[in-house]
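Visitor: Sharing a model that was predicted from the sequence below.
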Amino acid sequence: MRDMPLRRESDGWLERWMATVEDLARLKASHPMLDAVIDEQEGRRIRIGDHWLADFASCNYLGLDLDQEVLDAVPEYLAKWGSHPSWSRLLGSPVLYEQLEETTTALLGSEDSLLLPTITHIHMSVIPILVGSGVLFLDGRAHKTIYDGASIARGHGATIQRFRHNDADHLEQLVKASKTTPRVIAVDGVNSMTGNAPDVKEFARIARENDALLYIDDAHGFGVIGERSPDELCEWGLRGNGVVRHQGETYDNIILVAGFSKAYSSLLSFLALPSRLKDVLKVAAPPYLYSGPSPVASLATTIAGLAVNDHRGDLYRYEIYRKTRTVMERLHELDIYTPNESGFPLIEIPLAHHDDIDVVGRYLFDRGVYVTMAAYPLVPKDEVGFRIQITAANPDDQIELLCEVLGEISERFELQHKHHRSLLLRAREARG
Ligand SMILES: Cc1ncc(COP(=O)(O)O)c(C=O)c1O
């Protein structure tokens, strides 16, 4: 733990403000796995102080952050383009962008694609434009950044209607009852908490039959799942071209948003969209003019990463699949509940008692397992727990350690089990 910040008399306003965010402040102070300073990294191991841990909080699914071919690609691009283009994209972009948009479009099989630095930039700027003064139907568990985009849209005159998470019937009722246009349905692809994907075909049908647009954030699916094929190595499909292709859908009435910052370890993101919409967004979406572009190193690692994906991506995906399956089988053996029904590599494990989070977090840390803590108030009390993410770069001995520690955790602390979970859901339904 680093030094405590100074308290001065003139900080009265700060004390009052801190009192309003007490839960979050306590959380940050009490968890060794929140806002940690990571002193060193070796492969998928990290050192915090003098403690080495296996990293199961990385979203670098394909392990390209450590891939020598990707790392070696960077100096050549820096030599040609410098460290950062710095022009806003509306003024001008290195030709690398045009090449990357072509490659991305070909991989996705979409009509076109548009690159911006982050998915957050895209949600904040594109959702308000697409919805205008119409209505946004928002999945109850869509990612926080989609909610932030929705708040901006509301500020610009849009109406927001929430539907129950993944509940196509509820969505259809709301859409049919609404007369307002434009209408946009916003959902996550592979959900960042549950690891499950929505039924894209059903959501797309509702969008198409009701003159709406389906807007999908597939931050965690892109690079991991892709088009199905008789040649696939596992049921995650080939090429990692995302949830729309994975479910055999077209892009009609669908905008897919995803990024390279997770599976491809590079600061860059994209929308798959029709070319006419792309042309409008170039002038209408604020970050295209008002924000800086991605650094050249990220363009270089994306270009190299896409080439690696062509040659070895399916082998890496198979590695993630195999390792995730081992962990899922272990959970099954221990009768530990997880909302993950897909087998995709994000596994959330809720605790039976939310106030055990400190001791469980500390135990994981002491045993050398680094995970994402899902603590109250970041998640509801009955979802407090931890999330494991598995990447191709987690070696088998880390997976063995994880399986061992899961056994110890289930012996020492109370986790949720299937029967416990169904009682909880029934109680929640009874409460309304
Ligand atoms: C589902 C989802 N959407 C959006 C984001 C934000 O992505 P970015 O860092 O590109 O803004 C994240 C990041 O964790 C995410 O999980």
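Guide: Good, I have the coordinates. Residues are numbered from 1 along each chain as shown.
Visitor: what helix or strand does residue 336 sit in?
Guide: According to DSSP states H and E, residue 336 maps onto no helix or strand at all.
Visitor: who's in contact with it?
Guide: Applying CB atoms under 8 Å, 6 or more residues apart in numbering, we find residue 336 in contact with 349, 406, 410, 415-417. Yep, even glycine has a C-beta here, placed from its N, CA and C like the rest.
Visitor: List only those of the residues you listed flagged as buried.
Guide: 349, 406, 410, 415-416 (16 or more other CB atoms under 10 Å).
Visitor: which other helices and strands contact the lengthiest helix in the chain?
Guide: Longest helix in the chain, counting residues (DSSP state H): helix 296-333. Packing contacts for helix 296-333, counted by 3 or more CB pairs under 8 Å, 6 or more residues apart in numbering; DSSP states H and E, involve helix 68-81, helix 95-108, strand 346-350, helix 396-412.
Visitor: returning to what we had before: can you name the two of the buried ones among the contacts of residue 336 that are farthest apart?
Guide: Farthest apart among the buried ones among the contacts of residue 336 by CB to CB are 406 and 416. That separation is 13.3 Å.
Visitor: Spit out the contact partners of the nearest residue to residue 282 once chain neighbours are set aside.
Guide: Using CB to CB, 6 or more residues apart in numbering and skipping residues adjacent in sequence, the residue nearest residue 282 is residue 288, 5.3 Å away. Neighbouring residues of residue 288 by CB under 8 Å, 6+ apart: 88-90, 116, 125, 281-282.
Visitor: Filter the residues you listed down to the ones in helices?
Guide: Judged by DSSP H, the contacts of residue 288 include 125, 281-282 as members of helices.
Visitor: buried subset of those residues?
Guide: Neighbour-count burial (16+ other CB under 10 Å) applied to those gives 125, 281.
Visitor: The ones in helices among the contacts of residue 288 into JSON lines, with extra columns for distance to the ligand?
Guide: Putting the ones in helices among the contacts of residue 288 into JSON lines (distance: CB to the nearest ligand atom, whole Å) gives the following:
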{"residue": "125", "distance to the ligand": "12"}
{"residue": "281", "distance to the ligand": "17"}
{"residue": "282", "distance to the ligand": "19"}
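Visitor: ok, the spatially closest residue to residue 234 that is not a sequence neighbour - how many residues close by?
Guide: Leaving aside its chain neighbours, residue 234 sits nearest to residue 321 (4.3 Å; criterion: CB to CB, 6+ apart). Applying other CB atoms under 10 Å, we find 20 residues neighbouring residue 321.
Visitor: Also residue 155?
Guide: Other residues close to residue 155 by other CB under 10 Å number 9.
Visitor: just checking, residue 217 touches residue 190?
Guide: No. With contact defined as CB atoms under 8 Å, residue 217 does not count as touching residue 190 (9.5 Å).
Visitor: Spell out which residues of the stretch 201-350 of the chain are next to the ligand.
Guide: Counting by CB under 6 Å from any ligand atom, the positions of the stretch 201-350 of the chain adjacent to the ligand are 217, 219-220, 259, 261, 269.
Visitor: can you rerun that using 5 Å?
Guide: Selection of the stretch 201-350 of the chain residues close to the ligand by CB under 5 Å from any ligand atom yields 217, 219, 259, 261, 269.
Visitor: thinking the last one is in contact with residue 126, fair?
Guide: Read that as residue 269. No. Using CB under 8 Å, residue 269 is not in contact with residue 126, being 10.9 Å away.
Visitor: Mutual contacts of these two, please.
Guide: Both residue 269 and residue 126 are contacted by residue 257, under the criterion CB under 8 Å, 6+ apart.
Visitor: Kindly check the end-to-end length of stretch 57-73 for me.
Guide: Distance between the two ends of stretch 57-73: 26 Å, counting by CA to CA, to the nearest Å.
Visitor: Mind listing what's buried along it?
Guide: For stretch 57-73, by 16+ other CB under 10 Å, it's 57-67, 70, 73.
Visitor: In a markdown table: these, plus secondary structure, pLDDT and distance to residue 311.
Guide: Below are those laid out as a markdown table (DSSP: H, G, I helix; E, B strand; the rest coil; pLDDT from 0 to 100; distance: CB to CB, whole Å):
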| residue | secondary structure | pLDDT | distance to residue 311 |
| --- | --- | --- | --- |
| 57 | coil | 98 | 28 |
| 58 | coil | 97 | 22 |
| 59 | coil | 97 | 22 |
| 60 | coil | 98 | 18 |
| 61 | coil | 98 | 17 |
| 62 | coil | 98 | 12 |
| 63 | coil | 98 | 14 |
| 64 | helix | 98 | 12 |
| 65 | helix | 98 | 17 |
| 66 | helix | 98 | 16 |
| 67 | coil | 97 | 11 |
| 70 | helix | 98 | 12 |
| 73 | helix | 97 | 13 |
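Visitor: Mind putting those residues into a markdown table with distance to residue 275?
Guide: Formatted as a markdown table, the buried residues of stretch 57-73 follow (distance: CB to CB, whole Å):
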| residue | distance to residue 275 |
| --- | --- |
| 57 | 38 |
| 58 | 35 |
| 59 | 30 |
| 60 | 31 |
| 61 | 29 |
| 62 | 29 |
| 63 | 34 |
| 64 | 29 |
| 65 | 32 |
| 66 | 36 |
| 67 | 32 |
| 70 | 30 |
| 73 | 29 |
